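Novice: Using only what follows, build the 3D model:
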Amino acid sequence: WHGVLTAHSEERGVRTWDLRTLKQTNLLETPERVTSVELSSDGAVISATAGKAVYFWDADTYELVKTISMTFEVSCVTLHPTRARFVVGSSSDLWVRVYDLATGQELELYKGHHGPVDTVSDSTDGEVYASGSEDGTIGLWADANASDSPAAQHRYAHPYYRNLLGTPATGNQKYLFAGL
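Specialist: Next comes the predicted model:
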């Protein structure tokens, strides 16, 4: 996959651009303004949020694979590395939710932010979700299916992990920066 994704706050949909030619290649349409867009860790799926829906497109064909409607405004999404689950945040409440991709059923609910959730991201091993809120905090949430693994137990026992909870932070897809 050789493109780049952009979402414009005044327009609906996700635009894709070919980085080799610098030309727009596609417009993945949504009925409402896009609030987040992400390419899956394996580069196979484009995920986006718009209004009260989450969209999943095949990154090779740009075919819309699935749309899942929510009962709340969705502000951000991240797809688990296994592509079995996805995580969303909302601008209308303070919670982080995990859903089954096949059924759209809510699996987990995490509470702890004191402002709307602006961003979510999954670790590359799928054992931890990170969320960022307007209140200036980040949340690190253990995947309920992975928290018993030896690697996860070691990670959660580390003092730096414990110190990160509730600290102001910023980051990108590769690193998380937090003031301790």
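Novice: C-alpha only now, for contacts and for neighbours.
Specialist: Will do.
Novice: which residues of the protein score low on pLDDT?
Specialist: 1-10, 145-180 (pLDDT under 70).
Novice: For the residue sitting furthest away from the middle of the chain, grab phi and psi.
Specialist: Distance from the C-alpha centroid of the chain peaks at residue 21, with 28.4 Å (CA atoms, centre = their mean). Main-chain torsions, residue 21, degrees, to the nearest 10: phi -100, psi -10.
Novice: Distance check, it against residue 106.
Specialist: 41 Å (CA to CA, to the nearest Å).
Novice: Let me know how buried residue 102 is, in neighbour terms.
Specialist: Residue 102 has 11 neighbouring residues, counting by other CA atoms under 10 Å.
Novice: What distance do you get for it to residue 14?
Specialist: Taken as CA to CA, the span from residue 102 to residue 14 is 23 Å.
Novice: Then residue 91?
Specialist: Taking CA to CA, one finds residue 91 at 20 Å from residue 14.
Novice: So for these two, which sits in the more crowded spot?
Specialist: residue 14 (22 against 19).
Novice: So that one sits against residue 28, correct?
Specialist: Yes: using CA atoms under 8 Å, residue 14 is in contact with residue 28, at 5.0 Å.
Novice: For whichever strand or helix holds residue 25, buried residues please.
Specialist: Using DSSP states H and E, residue 25 sits within strand 23-39. Buried residues in strand 23-39, defined by neighbour count with 16 or more other CA atoms under 10 Å: 27, 28, 30, 32, 33, 34, 35, 36, 37, 38, 39.
Novice: Report the strands that pair with that strand, each with its relative direction.
Specialist: Paired neighbours of strand 23-39 in the sheet (DSSP bridges): strand 12-18 (antiparallel), strand 45-50 (antiparallel).
Novice: Of the ones you listed, which is nearest residue 132?
Specialist: With respect to residue 132, and counting by CA to CA, the nearest of the strands paired with strand 23-39 is strand 45-50 at 16.0 Å.
Novice: Return the alpha-carbon coordinates of that closest one using CSV.
Specialist: Extracted in CSV, the C-alpha atoms of strand 45-50 (Å, rounded to 0.1, in the frame of the first residue of the first chain):
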residue,chain,number,x,y,z
VAL,A,45,-7.9,-2.0,6.7
ILE,A,46,-8.8,1.7,6.8
SER,A,47,-11.0,2.6,9.7
ALA,A,48,-12.8,5.9,10.2
THR,A,49,-15.5,7.5,12.4
ALA,A,50,-18.2,9.9,11.3
